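Student: Make a model of this:
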Amino acid sequence: MKTMSRLLAVSVLAMATAAPIANAQDLIVGFTQDAATLDPGNHRNRETETIIRNMFDGILTRDSAMSIQPELAASYTQVSPTVYDFKIREGVKFHDGSNMTAEDVKFTLDRLTREGAMGNDQTSPRKSLLGPIESVEVTDATTVRVTLSEPWPLLPAMLPFQEIVSKNFVETVGTEGMATQANGTGPFKLVDWRKGDSIIMERFDDYYGGADGIQPAGKACVDRAIFKIIPESASRVAALLAGDVHIINELPPFAVEQVKNSQTADVMTVNGTRSFFIAMNLEGETFDDIQVRQAVAHALDKDLIIDRILGGNAASISGILSPDAFGKNTDLPEYSYDPEKARALLAEAGFPDGIEVTMDTTGAFKDTAEAVASLLTRAGINTKVAVGEAAILNEKWRTQGGPKEGDMYFTSWGNGSLDPQGIFVPTHVTNARGNSAGYSSDKVDALLDAAATEVDREKRAAMYQEAEAIANADLPYVYLWVPQDIYGVSKRLSGWQPSPDSRINLHDACLN
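Tutor: As a prediction, the model looks like this:
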(Lines give C-alpha, C1' and ligand atoms only; values in the text may rest on other atoms or scores of the structure.)
Protein backbone atom coordinates (compact mmCIF):
# COMPACT_ATOMS: atom_id res chain seq x y z
CA MET A 1 0.00 0.00 0.00
CA LYS A 2 1.41 3.35 -1.04
CA THR A 3 1.59 6.14 1.48
CA MET A 4 0.05 9.42 0.30
CA SER A 5 2.22 12.49 0.67
CA ARG A 6 -0.60 14.17 2.53
CA LEU A 7 -4.26 13.53 3.21
CA LEU A 8 -6.74 15.72 1.43
CA ALA A 9 -9.10 15.48 4.37
CA VAL A 10 -8.88 13.55 7.59
CA SER A 11 -11.11 12.72 10.49
CA VAL A 12 -10.15 13.44 14.05
CA LEU A 13 -8.89 9.86 14.22
CA ALA A 14 -7.00 10.04 10.90
CA MET A 15 -4.36 7.48 10.05
CA ALA A 16 -0.86 8.43 8.95
CA THR A 17 -1.29 6.60 5.67
CA ALA A 18 -4.25 6.58 3.34
CA ALA A 19 -6.50 3.57 3.25
CA PRO A 20 -6.68 1.57 0.05
CA ILE A 21 -9.59 2.63 -2.11
CA ALA A 22 -11.39 -0.69 -1.64
CA ASN A 23 -11.15 -4.09 -0.05
CA ALA A 24 -13.19 -7.12 -1.07
CA GLN A 25 -15.73 -6.65 1.73
CA ASP A 26 -16.10 -2.86 1.44
CA LEU A 27 -19.57 -1.57 0.64
CA ILE A 28 -19.15 0.80 -2.30
CA VAL A 29 -21.66 3.30 -3.66
CA GLY A 30 -21.14 4.55 -7.21
CA PHE A 31 -22.32 8.13 -6.73
CA THR A 32 -22.93 10.96 -9.18
CA GLN A 33 -21.40 13.88 -7.26
CA ASP A 34 -18.71 14.54 -4.71
CA ALA A 35 -19.58 16.32 -1.50
CA ALA A 36 -19.30 20.08 -1.61
CA THR A 37 -18.20 20.14 2.04
CA LEU A 38 -18.22 17.95 5.13
CA ASP A 39 -19.76 20.73 7.22
CA PRO A 40 -23.44 19.90 7.86
CA GLY A 41 -24.25 23.55 8.43
CA ASN A 42 -22.66 25.05 5.34
CA HIS A 43 -24.42 23.71 2.25
CA ARG A 44 -27.77 23.40 0.48
CA ASN A 45 -26.97 20.31 -1.58
CA ARG A 46 -28.84 17.01 -1.48
CA GLU A 47 -25.87 14.94 -2.68
CA THR A 48 -23.64 16.41 0.01
CA GLU A 49 -26.23 15.60 2.66
CA THR A 50 -26.58 12.04 1.34
CA ILE A 51 -22.89 11.44 1.98
CA ILE A 52 -22.40 13.18 5.31
CA ARG A 53 -25.63 11.80 6.82
CA ASN A 54 -23.78 8.48 7.16
CA MET A 55 -21.31 10.20 9.49
CA PHE A 56 -23.65 12.59 11.31
CA ASP A 57 -27.00 11.89 12.98
CA GLY A 58 -29.84 14.34 13.58
CA ILE A 59 -32.25 15.03 16.41
CA LEU A 60 -34.91 13.32 14.31
CA THR A 61 -34.70 11.14 11.22
CA ARG A 62 -37.01 9.42 8.72
CA ASP A 63 -37.42 5.77 7.95
CA SER A 64 -37.70 4.45 4.37
CA ALA A 65 -41.48 5.07 4.52
CA MET A 66 -40.79 8.75 5.35
CA SER A 67 -42.18 8.50 8.89
CA ILE A 68 -40.42 10.76 11.40
CA GLN A 69 -38.45 8.87 14.06
CA PRO A 70 -36.52 10.20 17.09
CA GLU A 71 -32.77 9.67 16.58
CA LEU A 72 -30.46 11.66 18.85
CA ALA A 73 -33.62 12.68 20.63
CA ALA A 74 -35.09 9.85 22.68
CA SER A 75 -38.47 11.56 22.34
CA TYR A 76 -40.02 14.95 21.74
CA THR A 77 -43.14 16.81 22.83
CA GLN A 78 -45.01 19.77 21.37
CA VAL A 79 -45.67 21.80 24.49
CA SER A 80 -47.64 24.49 22.65
CA PRO A 81 -48.04 25.68 19.04
CA THR A 82 -44.70 27.52 19.41
CA VAL A 83 -42.73 25.38 21.88
CA TYR A 84 -41.12 21.94 21.41
CA ASP A 85 -39.15 19.98 23.99
CA PHE A 86 -36.61 17.39 22.84
CA LYS A 87 -35.37 14.79 25.34
CA ILE A 88 -31.77 14.07 24.28
CA ARG A 89 -30.32 10.55 24.48
CA GLU A 90 -27.65 9.89 27.06
CA GLY A 91 -24.48 7.92 26.33
CA VAL A 92 -24.08 9.04 22.72
CA LYS A 93 -20.46 9.60 21.67
CA PHE A 94 -18.87 11.66 18.95
CA HIS A 95 -16.22 9.97 16.81
CA ASP A 96 -13.45 11.56 18.90
CA GLY A 97 -14.80 9.75 21.99
CA SER A 98 -16.37 12.79 23.66
CA ASN A 99 -19.94 12.63 24.92
CA MET A 100 -22.70 14.38 23.04
CA THR A 101 -24.78 16.62 25.31
CA ALA A 102 -27.79 18.89 25.14
CA GLU A 103 -25.33 21.78 24.82
CA ASP A 104 -24.11 20.35 21.50
CA VAL A 105 -27.70 20.27 20.24
CA LYS A 106 -28.28 23.88 21.29
CA PHE A 107 -24.98 24.94 19.74
CA THR A 108 -25.87 23.24 16.45
CA LEU A 109 -29.30 24.86 16.19
CA ASP A 110 -27.89 28.26 17.13
CA ARG A 111 -25.16 27.85 14.51
CA LEU A 112 -27.82 27.08 11.89
CA THR A 113 -30.24 29.87 12.75
CA ARG A 114 -28.37 32.86 14.18
CA GLU A 115 -27.07 35.61 11.92
CA GLY A 116 -23.27 35.45 11.60
CA ALA A 117 -22.99 32.29 13.71
CA MET A 118 -20.76 30.49 11.21
CA GLY A 119 -17.96 32.97 11.89
CA ASN A 120 -16.59 35.84 9.80
CA ASP A 121 -20.13 37.29 9.72
CA GLN A 122 -21.31 34.28 7.73
CA THR A 123 -24.82 32.93 8.29
CA SER A 124 -25.63 29.30 7.58
CA PRO A 125 -27.23 28.79 4.14
CA ARG A 126 -29.59 26.38 5.93
CA LYS A 127 -31.12 29.07 8.13
CA SER A 128 -34.35 29.30 6.12
CA LEU A 129 -34.89 25.54 6.53
CA LEU A 130 -35.58 26.07 10.22
CA GLY A 131 -38.20 28.75 9.86
CA PRO A 132 -39.10 31.03 12.75
CA ILE A 133 -36.90 29.60 15.51
CA GLU A 134 -36.68 32.35 18.12
CA SER A 135 -34.60 30.67 20.82
CA VAL A 136 -33.00 27.37 21.84
CA GLU A 137 -32.54 26.65 25.56
CA VAL A 138 -31.12 23.80 27.60
CA THR A 139 -33.72 23.46 30.34
CA ASP A 140 -32.02 20.54 32.10
CA ALA A 141 -29.16 18.14 31.43
CA THR A 142 -31.09 16.17 28.80
CA THR A 143 -33.78 18.57 27.53
CA VAL A 144 -33.57 21.13 24.75
CA ARG A 145 -36.46 23.54 24.31
CA VAL A 146 -37.04 25.16 20.90
CA THR A 147 -39.27 28.22 20.89
CA LEU A 148 -40.73 29.60 17.67
CA SER A 149 -41.74 33.21 17.08
CA GLU A 150 -44.99 31.93 15.54
CA PRO A 151 -46.60 28.53 15.00
CA TRP A 152 -44.71 26.52 12.39
CA PRO A 153 -45.97 22.92 12.13
CA LEU A 154 -43.18 22.06 9.71
CA LEU A 155 -40.44 21.97 12.39
CA PRO A 156 -40.41 18.18 13.01
CA ALA A 157 -40.44 17.52 9.26
CA MET A 158 -37.37 19.73 8.72
CA LEU A 159 -35.22 18.52 11.63
CA PRO A 160 -34.21 15.23 9.90
CA PHE A 161 -32.20 17.37 7.47
CA GLN A 162 -30.10 19.00 10.21
CA GLU A 163 -27.15 17.07 11.67
CA ILE A 164 -25.71 17.63 15.15
CA VAL A 165 -22.10 18.78 15.48
CA SER A 166 -19.73 18.94 18.45
CA LYS A 167 -19.53 22.40 20.03
CA ASN A 168 -15.97 21.82 21.22
CA PHE A 169 -14.83 20.47 17.86
CA VAL A 170 -16.29 23.39 15.88
CA GLU A 171 -14.74 25.89 18.25
CA THR A 172 -11.39 24.08 17.88
CA VAL A 173 -11.17 23.71 14.09
CA GLY A 174 -13.47 26.56 13.02
CA THR A 175 -15.75 26.67 10.01
CA GLU A 176 -12.77 26.28 7.68
CA GLY A 177 -11.73 23.05 9.39
CA MET A 178 -15.28 21.72 9.34
CA ALA A 179 -15.21 21.77 5.55
CA THR A 180 -12.75 18.85 5.41
CA GLN A 181 -13.04 17.10 8.78
CA ALA A 182 -15.88 15.12 10.29
CA ASN A 183 -16.61 14.45 13.95
CA GLY A 184 -20.17 13.23 14.04
CA THR A 185 -22.24 10.73 16.00
CA GLY A 186 -23.19 8.61 12.99
CA PRO A 187 -22.60 4.92 12.24
CA PHE A 188 -19.49 5.63 10.16
CA LYS A 189 -16.47 7.83 10.77
CA LEU A 190 -14.31 9.48 8.14
CA VAL A 191 -11.06 7.83 7.09
CA ASP A 192 -10.16 9.77 3.95
CA TRP A 193 -11.69 12.21 1.48
CA ARG A 194 -10.00 11.99 -1.90
CA LYS A 195 -11.70 14.93 -3.52
CA GLY A 196 -13.24 14.14 -6.87
CA ASP A 197 -12.59 10.42 -6.37
CA SER A 198 -13.94 8.90 -3.16
CA ILE A 199 -14.98 9.36 0.44
CA ILE A 200 -13.87 6.45 2.62
CA MET A 201 -15.57 5.72 5.94
CA GLU A 202 -15.21 2.97 8.52
CA ARG A 203 -17.62 1.61 11.09
CA PHE A 204 -17.80 3.56 14.37
CA ASP A 205 -17.71 0.82 16.98
CA ASP A 206 -18.99 3.08 19.76
CA TYR A 207 -22.13 3.97 17.81
CA TYR A 208 -25.17 4.13 20.08
CA GLY A 209 -27.30 2.23 17.57
CA GLY A 210 -29.45 4.82 15.83
CA ALA A 211 -33.20 5.37 15.93
CA ASP A 212 -35.08 2.78 17.96
CA GLY A 213 -37.89 2.92 15.43
CA ILE A 214 -35.63 1.75 12.60
CA GLN A 215 -34.58 -1.81 13.27
CA PRO A 216 -32.13 -3.40 13.60
CA ALA A 217 -30.52 -0.81 15.85
CA GLY A 218 -26.82 -1.26 16.51
CA LYS A 219 -23.45 -0.89 14.84
CA ALA A 220 -23.12 -0.70 11.06
CA CYS A 221 -23.19 -4.06 9.32
CA VAL A 222 -20.04 -3.53 7.21
CA ASP A 223 -16.54 -2.56 8.29
CA ARG A 224 -16.12 0.13 5.66
CA ALA A 225 -18.32 2.13 3.31
CA ILE A 226 -17.08 4.11 0.33
CA PHE A 227 -18.76 6.69 -1.86
CA LYS A 228 -16.94 6.36 -5.18
CA ILE A 229 -17.58 9.39 -7.38
CA ILE A 230 -18.64 8.31 -10.89
CA PRO A 231 -20.47 11.18 -12.65
CA GLU A 232 -20.92 9.47 -16.03
CA SER A 233 -24.00 7.22 -16.18
CA ALA A 234 -22.58 4.52 -18.44
CA SER A 235 -19.51 4.21 -16.23
CA ARG A 236 -21.66 3.79 -13.10
CA VAL A 237 -23.69 1.06 -14.81
CA ALA A 238 -20.53 -0.70 -16.00
CA ALA A 239 -19.04 -0.60 -12.49
CA LEU A 240 -22.23 -2.11 -11.05
CA LEU A 241 -22.39 -4.92 -13.60
CA ALA A 242 -18.70 -5.68 -13.07
CA GLY A 243 -19.27 -5.98 -9.31
CA ASP A 244 -16.96 -3.03 -8.56
CA VAL A 245 -19.74 -1.13 -6.75
CA HIS A 246 -22.81 -2.34 -4.89
CA ILE A 247 -25.25 0.59 -5.21
CA ILE A 248 -25.51 3.22 -7.91
CA ASN A 249 -27.83 6.20 -7.83
CA GLU A 250 -29.53 7.77 -10.85
CA LEU A 251 -29.66 4.56 -12.86
CA PRO A 252 -30.61 5.85 -16.33
CA PRO A 253 -33.92 4.47 -17.68
CA PHE A 254 -32.21 3.10 -20.80
CA ALA A 255 -30.10 0.79 -18.60
CA VAL A 256 -32.93 -0.60 -16.45
CA GLU A 257 -33.55 -3.72 -18.54
CA GLN A 258 -29.83 -4.36 -18.93
CA VAL A 259 -29.39 -4.36 -15.15
CA LYS A 260 -32.51 -6.47 -14.56
CA ASN A 261 -31.28 -9.08 -17.03
CA SER A 262 -27.80 -9.28 -15.52
CA GLN A 263 -26.58 -12.01 -13.20
CA THR A 264 -24.99 -9.59 -10.75
CA ALA A 265 -27.45 -6.78 -10.07
CA ASP A 266 -31.07 -5.71 -9.89
CA VAL A 267 -33.13 -2.53 -9.91
CA MET A 268 -34.81 -0.80 -6.96
CA THR A 269 -37.13 2.19 -7.30
CA VAL A 270 -38.85 4.56 -4.91
CA ASN A 271 -41.24 7.43 -5.51
CA GLY A 272 -39.15 10.56 -5.86
CA THR A 273 -39.67 13.97 -4.30
CA ARG A 274 -38.39 16.19 -7.14
CA SER A 275 -40.92 18.00 -9.34
CA PHE A 276 -39.89 18.84 -12.90
CA PHE A 277 -41.38 21.83 -14.70
CA ILE A 278 -40.79 24.46 -17.36
CA ALA A 279 -40.62 28.02 -16.07
CA MET A 280 -41.95 30.57 -18.54
CA ASN A 281 -40.69 34.11 -18.07
CA LEU A 282 -43.77 36.10 -17.13
CA GLU A 283 -41.68 39.28 -17.05
CA GLY A 284 -40.92 39.06 -20.77
CA GLU A 285 -43.05 40.05 -23.76
CA THR A 286 -44.08 36.56 -24.87
CA PHE A 287 -45.21 34.59 -21.86
CA ASP A 288 -47.02 37.44 -20.14
CA ASP A 289 -49.98 36.29 -22.27
CA ILE A 290 -51.69 33.31 -20.66
CA GLN A 291 -52.83 32.02 -24.05
CA VAL A 292 -49.18 31.52 -25.01
CA ARG A 293 -48.55 29.67 -21.77
CA GLN A 294 -51.61 27.51 -22.38
CA ALA A 295 -50.32 26.78 -25.88
CA VAL A 296 -47.08 25.45 -24.40
CA ALA A 297 -49.00 23.21 -22.03
CA HIS A 298 -51.21 21.79 -24.80
CA ALA A 299 -48.17 21.21 -27.04
CA LEU A 300 -46.63 18.66 -24.68
CA ASP A 301 -47.39 14.95 -24.69
CA LYS A 302 -46.16 14.27 -21.16
CA ASP A 303 -47.26 10.64 -21.24
CA LEU A 304 -45.17 10.01 -24.36
CA ILE A 305 -42.03 11.45 -22.75
CA ILE A 306 -42.62 9.56 -19.50
CA ASP A 307 -43.03 6.33 -21.47
CA ARG A 308 -40.30 6.73 -24.09
CA ILE A 309 -37.65 8.86 -22.39
CA LEU A 310 -38.18 8.11 -18.70
CA GLY A 311 -39.01 4.44 -19.16
CA GLY A 312 -42.38 4.85 -17.48
CA ASN A 313 -40.65 5.70 -14.19
CA ALA A 314 -42.41 8.97 -13.40
CA ALA A 315 -45.79 10.32 -12.32
CA SER A 316 -47.40 13.14 -14.32
CA ILE A 317 -48.30 16.28 -12.34
CA SER A 318 -50.57 19.26 -13.02
CA GLY A 319 -49.32 21.30 -10.09
CA ILE A 320 -46.05 21.77 -8.27
CA LEU A 321 -46.66 19.18 -5.56
CA SER A 322 -45.69 15.52 -5.73
CA PRO A 323 -48.59 13.02 -5.65
CA ASP A 324 -47.28 11.94 -2.22
CA ALA A 325 -47.04 15.45 -0.76
CA PHE A 326 -49.17 16.67 2.12
CA GLY A 327 -51.97 18.95 0.91
CA LYS A 328 -51.80 17.78 -2.72
CA ASN A 329 -54.80 18.84 -4.81
CA THR A 330 -55.89 15.65 -6.57
CA ASP A 331 -58.59 17.36 -8.66
CA LEU A 332 -56.50 19.69 -10.79
CA PRO A 333 -57.59 19.96 -14.44
CA GLU A 334 -55.19 18.58 -17.04
CA TYR A 335 -53.90 20.52 -20.04
CA SER A 336 -54.40 17.73 -22.56
CA TYR A 337 -52.03 17.08 -25.42
CA ASP A 338 -53.56 18.98 -28.35
CA PRO A 339 -51.09 20.55 -30.81
CA GLU A 340 -53.86 22.00 -32.95
CA LYS A 341 -55.32 23.77 -29.95
CA ALA A 342 -51.84 25.03 -29.15
CA ARG A 343 -51.54 26.57 -32.63
CA ALA A 344 -55.00 28.12 -32.32
CA LEU A 345 -54.11 29.69 -28.98
CA LEU A 346 -50.93 31.14 -30.44
CA ALA A 347 -52.93 32.65 -33.30
CA GLU A 348 -55.43 34.18 -30.85
CA ALA A 349 -52.50 35.67 -28.95
CA GLY A 350 -51.25 37.35 -32.14
CA PHE A 351 -48.74 34.74 -33.28
CA PRO A 352 -50.33 33.00 -36.31
CA ASP A 353 -46.89 31.98 -37.56
CA GLY A 354 -45.76 30.66 -34.18
CA ILE A 355 -42.97 31.90 -31.92
CA GLU A 356 -39.22 31.41 -31.60
CA VAL A 357 -37.95 30.65 -28.09
CA THR A 358 -34.92 29.31 -26.28
CA MET A 359 -35.22 26.84 -23.43
CA ASP A 360 -32.38 26.77 -20.93
CA THR A 361 -31.40 23.61 -19.07
CA THR A 362 -28.39 21.85 -17.55
CA GLY A 363 -26.42 19.07 -19.21
CA ALA A 364 -28.02 16.37 -17.07
CA PHE A 365 -31.43 17.11 -18.61
CA LYS A 366 -30.30 17.83 -22.17
CA ASP A 367 -31.85 14.74 -23.79
CA THR A 368 -35.22 15.17 -22.09
CA ALA A 369 -35.27 18.90 -22.82
CA GLU A 370 -34.60 18.22 -26.49
CA ALA A 371 -37.52 15.77 -26.61
CA VAL A 372 -39.72 18.47 -25.06
CA ALA A 373 -38.40 21.03 -27.56
CA SER A 374 -39.25 18.73 -30.46
CA LEU A 375 -42.87 18.47 -29.36
CA LEU A 376 -43.12 22.22 -28.82
CA THR A 377 -41.70 22.91 -32.26
CA ARG A 378 -44.31 20.68 -33.91
CA ALA A 379 -46.99 22.89 -32.38
CA GLY A 380 -45.50 26.16 -33.65
CA ILE A 381 -43.37 26.94 -30.62
CA ASN A 382 -40.00 26.71 -32.34
CA THR A 383 -37.71 25.85 -29.45
CA LYS A 384 -33.93 25.77 -29.25
CA VAL A 385 -32.30 24.11 -26.24
CA ALA A 386 -29.40 25.95 -24.60
CA VAL A 387 -27.31 23.94 -22.15
CA GLY A 388 -25.62 25.84 -19.33
CA GLU A 389 -23.90 25.31 -16.00
CA ALA A 390 -26.25 25.01 -13.04
CA ALA A 391 -24.64 27.86 -11.11
CA ILE A 392 -24.91 30.22 -14.08
CA LEU A 393 -28.51 29.26 -14.80
CA ASN A 394 -29.48 29.64 -11.16
CA GLU A 395 -28.01 33.12 -11.17
CA LYS A 396 -29.90 33.90 -14.38
CA TRP A 397 -33.26 32.47 -13.36
CA ARG A 398 -33.29 32.49 -9.56
CA THR A 399 -31.66 35.77 -8.63
CA GLN A 400 -34.11 37.68 -6.45
CA GLY A 401 -35.03 41.13 -7.65
CA GLY A 402 -34.52 42.74 -11.04
CA PRO A 403 -36.03 41.69 -14.38
CA LYS A 404 -35.53 38.13 -15.59
CA GLU A 405 -33.84 37.35 -18.88
CA GLY A 406 -34.58 34.39 -21.12
CA ASP A 407 -37.68 32.63 -22.41
CA MET A 408 -38.04 29.24 -20.70
CA TYR A 409 -36.16 27.15 -18.18
CA PHE A 410 -36.47 23.36 -17.99
CA THR A 411 -35.62 22.57 -14.38
CA SER A 412 -36.77 20.93 -11.14
CA TRP A 413 -37.08 21.46 -7.40
CA GLY A 414 -36.68 18.83 -4.70
CA ASN A 415 -38.91 18.51 -1.67
CA GLY A 416 -37.51 15.85 0.65
CA SER A 417 -39.91 16.72 3.47
CA LEU A 418 -42.97 16.18 1.22
CA ASP A 419 -44.44 19.27 2.88
CA PRO A 420 -45.60 22.05 0.50
CA GLN A 421 -43.63 24.65 2.42
CA GLY A 422 -40.40 23.20 1.03
CA ILE A 423 -41.32 23.57 -2.65
CA PHE A 424 -44.49 25.65 -3.07
CA VAL A 425 -43.17 28.69 -1.19
CA PRO A 426 -39.75 29.03 -2.90
CA THR A 427 -41.14 28.50 -6.41
CA HIS A 428 -44.42 30.47 -6.25
CA VAL A 429 -44.24 33.24 -3.65
CA THR A 430 -43.55 36.66 -5.15
CA ASN A 431 -39.78 37.25 -5.48
CA ALA A 432 -38.94 33.97 -3.70
CA ARG A 433 -35.52 32.48 -4.33
CA GLY A 434 -36.78 29.69 -6.62
CA ASN A 435 -39.46 31.66 -8.45
CA SER A 436 -37.93 31.23 -11.90
CA ALA A 437 -41.09 32.32 -13.71
CA GLY A 438 -41.38 35.69 -12.00
CA TYR A 439 -44.87 34.69 -10.86
CA SER A 440 -46.82 36.94 -8.50
CA SER A 441 -50.27 36.25 -7.08
CA ASP A 442 -51.58 38.05 -4.02
CA LYS A 443 -54.01 35.19 -3.39
CA VAL A 444 -51.34 32.50 -3.57
CA ASP A 445 -48.96 34.55 -1.39
CA ALA A 446 -51.66 35.01 1.24
CA LEU A 447 -52.65 31.33 1.24
CA LEU A 448 -49.08 30.09 1.55
CA ASP A 449 -48.30 32.62 4.25
CA ALA A 450 -51.36 31.57 6.26
CA ALA A 451 -50.70 27.85 5.76
CA ALA A 452 -47.18 28.19 7.19
CA THR A 453 -48.57 28.94 10.65
CA GLU A 454 -51.87 27.01 10.57
CA VAL A 455 -51.81 24.21 13.14
CA ASP A 456 -55.07 22.56 12.03
CA ARG A 457 -53.94 19.97 9.47
CA GLU A 458 -57.22 19.91 7.55
CA LYS A 459 -57.37 23.69 7.24
CA ARG A 460 -53.71 23.79 6.26
CA ALA A 461 -54.19 21.14 3.57
CA ALA A 462 -57.20 23.03 2.18
CA MET A 463 -55.09 26.18 1.85
CA TYR A 464 -52.45 24.37 -0.19
CA GLN A 465 -55.11 22.76 -2.37
CA GLU A 466 -56.68 26.14 -3.12
CA ALA A 467 -53.29 27.68 -3.87
CA GLU A 468 -52.40 24.84 -6.23
CA ALA A 469 -55.69 25.28 -8.08
CA ILE A 470 -54.98 28.99 -8.58
CA ALA A 471 -51.47 28.28 -9.85
CA ASN A 472 -52.78 25.57 -12.17
CA ALA A 473 -55.11 28.17 -13.75
CA ASP A 474 -52.48 30.94 -13.88
CA LEU A 475 -49.92 28.50 -15.36
CA PRO A 476 -46.62 30.25 -14.61
CA TYR A 477 -45.00 26.85 -15.12
CA VAL A 478 -45.80 23.83 -17.22
CA TYR A 479 -45.87 21.19 -14.50
CA LEU A 480 -44.37 18.00 -15.91
CA TRP A 481 -43.63 14.98 -13.71
CA VAL A 482 -42.06 13.57 -10.58
CA PRO A 483 -39.60 10.82 -11.56
CA GLN A 484 -39.00 7.76 -9.47
CA ASP A 485 -35.51 7.50 -8.03
CA ILE A 486 -33.93 4.47 -9.69
CA TYR A 487 -31.03 2.57 -8.15
CA GLY A 488 -28.93 -0.28 -9.41
CA VAL A 489 -28.18 -2.70 -6.59
CA SER A 490 -25.80 -5.65 -6.36
CA LYS A 491 -27.36 -9.02 -5.62
CA ARG A 492 -24.77 -9.31 -2.83
CA LEU A 493 -26.49 -6.47 -0.95
CA SER A 494 -29.11 -7.01 1.75
CA GLY A 495 -30.76 -4.88 4.43
CA TRP A 496 -30.92 -1.70 2.35
CA GLN A 497 -33.97 0.17 1.05
CA PRO A 498 -34.03 3.39 -0.99
CA SER A 499 -35.73 6.38 0.57
CA PRO A 500 -37.92 9.01 -1.14
CA ASP A 501 -35.73 11.78 0.31
CA SER A 502 -32.76 10.40 -1.71
CA ARG A 503 -30.82 9.49 1.42
CA ILE A 504 -28.57 6.45 1.00
CA ASN A 505 -28.49 5.18 4.58
CA LEU A 506 -25.77 2.53 4.80
CA HIS A 507 -26.21 1.76 8.51
CA ASP A 508 -28.12 -1.51 8.01
CA ALA A 509 -26.72 -2.45 4.59
CA CYS A 510 -24.86 -5.79 4.49
CA LEU A 511 -22.84 -7.68 1.89
CA ASN A 512 -23.42 -11.41 1.44
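
Student: Report all helices and strands that the helix or strand where Val489 lies contacts.
Tutor: Element membership of Val489, judged by DSSP states H and E, is strand 477-490. Using 3 or more C-beta pairs under 8 Å, 6 or more residues apart in numbering; DSSP states H and E as the contact test, the elements touching strand 477-490 are helix 233-241, strand 247-248, strand 265-271, strand 274-280, helix 290-299, helix 302-308, strand 314-316. All C-beta atoms are positioned from the backbone trio N, CA, C, and that covers glycine.

Student: Relative to Ile199, how far out is Ser135?
Tutor: Distance from Ser135 to Ile199, counting by C-beta to C-beta, to the nearest Å: 35 Å.

Student: Comparing the two, which shows the higher neighbour count?
Tutor: Ile199 (27 against 14; other C-beta atoms under 10 Å).

Student: if I read this right, the more buried one contacts Phe188, doesn't it?
Tutor: No. In this structure, Ile199 is not within contact of Phe188 by C-beta atoms under 8 Å, at 9.8 Å.

Student: can you tell me the average pLDDT over stretch 70-80?
Tutor: Here stretch 70-80 scores 97 as its mean pLDDT.

Student: Begin at 29, not 1, for the rest of this chat.
Tutor: Fine by me, first position is 29 from now on; the one you just mentioned is stretch 98-108.

Student: how about that stretch: buried residues?
Tutor: Within stretch 98-108, the residues scored as buried using 16 or more other C-beta atoms under 10 Å are Pro98, Glu99, Leu100, Ala101, Tyr104.

Student: what's across from the first one in the sheet?
Tutor: With DSSP bridges as the criterion, Pro98 is bridged to Leu88.

Student: check which helix or strand covers Val385.
Tutor: Using DSSP H and E, Val385 sits within strand 383-389.

Student: Which strands or helices does that strand pack on?
Tutor: Using 3+ C-beta pairs under 8 Å, 6+ apart, strand 383-389 sits against helix 394-406, strand 409-415, helix 418-426, strand 436-442.

Student: ok, 6 Å please
Tutor: Judged by 3 or more C-beta pairs under 6 Å, 6 or more residues apart in numbering; DSSP states H and E, strand 383-389 is in contact with strand 409-415, strand 436-442.

Student: From the contact counts, what lies against the next helix or strand after the last one?
Tutor: Sequence-wise, the next helix or strand beyond strand 436-442 is helix 452-456, with elements assigned using DSSP H and E. With contacts defined as 3+ C-beta pairs under 6 Å, 6+ apart, the packing partners of helix 452-456 are helix 470-481.

Student: Any buried residues in the helix it packs on, and which?
Tutor: Buried residues in helix 470-481 (16+ other C-beta under 10 Å): Val472, Asp473, Leu475, Leu476, Ala479, Ala480, Thr481.

Student: Then stretch 500-512?
Tutor: So, applying 16+ other C-beta under 10 Å, buried residues of stretch 500-512: Asn500, Asp502, Leu503, Pro504, Tyr505, Val506, Tyr507, Leu508, Trp509, Val510, Pro511, Gln512.

Student: ditto for stretch 173-192
Tutor: Applying 16+ other C-beta under 10 Å to stretch 173-192 flags 173-174, 176, 180-192 as buried.

Student: Surely Asn309 touches Lys432?
Tutor: Yes. Asn309 is within contact range of Lys432, at 5.1 Å (criterion: C-beta atoms under 6 Å).

Student: Settle it for me: which of the two has more neighbours?
Tutor: Per other C-beta under 10 Å, whichever of Asn309 and Lys432 has more neighbours is Asn309, with 22 against 19.

Student: residue contacts, that one?
Tutor: Phe315, Lys432, Gly434, Asp435 (C-beta atoms under 6 Å, 6 or more residues apart in numbering).

Student: hmm, back to that, ok, the buried residues of stretch 98-108 vs His535, which is closest?
Tutor: Among these, Glu99 lies closest to His535 (C-beta to C-beta), at 10.8 Å.

Student: Tell me, how many residues neighbour the closest residue to the closest one other than its chain neighbours?
Tutor: Among residues not flanking Glu99 along the chain, Thr89 sits closest, at 4.1 Å (C-beta to C-beta, 6 or more residues apart in numbering). For Thr89, the neighbour count with other C-beta under 10 Å is 24.

Student: what about Thr89, distance to Thr213?
Tutor: 12 Å.

Student: Buried residues in the lowest-mean-pLDDT helix or strand in the chain, which are they?
Tutor: Lowest on mean pLDDT, DSSP states H and E among the helices and strands of the chain sits helix 418-426, with a mean of 88. By neighbour count with 16+ other C-beta under 10 Å, helix 418-426 contains the buried residues Leu421, Asn422, Trp425, Arg426.

Student: Who are the contact partners of the residue nearest to the first one when sequence neighbours are not counted?
Tutor: By that I understand Leu421. Leaving aside its sequence neighbours, Leu421 sits nearest to Asp388 (C-beta to C-beta, 6+ apart; 5.6 Å). Contact partners of Asp388, counting by C-beta under 6 Å, 6+ apart, are Ala414, Gly416, Leu421, Gly434, Tyr437.

Student: In the chain, where is pLDDT below threshold?
Tutor: Along the chain, segments meeting pLDDT under 70 span 29-50, 52, 428-430.

Student: Relative to its centre, which residue of it is most distant?
Tutor: Farthest-out residue of the chain from its mean C-alpha position, per C-alpha atoms, centre = their mean: Pro380, at 41.7 Å.

Student: re the thing from before, show me what the residue nearest to Leu421 bridges to in the sheet.
Tutor: Bridge pairing for Asp388 - DSSP bridges - gives Ala414, Tyr437.

Student: rewinding a little: name the nearest of the buried residues of helix 470-481 relative to Ile532.
Tutor: Ala480 (30.4 Å).

Student: what about the nearest residue to that closest one once chain neighbours are set aside, how many neighbours?
Tutor: Counting by C-beta to C-beta, 6+ apart, Ala480 lies nearest to Gln449, which is 6.0 Å off, once chain neighbours are set aside. By the criterion of other C-beta under 10 Å, Gln449 has 23 neighbours.

Student: Please apply the same query to Asp149.
Tutor: 8.

Student: ditto for Arg336
Tutor: The burial count for Arg336: 12, using other C-beta under 10 Å.

Student: what does the strand or helix carrying Glu486 contact?
Tutor: Taking DSSP H and E as the definition, Glu486 sits inside helix 485-502. Under the contact criterion C-beta under 6 Å, 6+ apart, helix 485-502 has outside partners 346-347, 355, 357, 360, 448, 456, 471-472, 475-476, 478-479, 482.

Student: how about the helices and strands packed on strand 505-518, which one is nearest Ala239?
Tutor: When these are compared by C-beta to C-beta, strand 293-299 sits nearest Ala239, at 18.9 Å.
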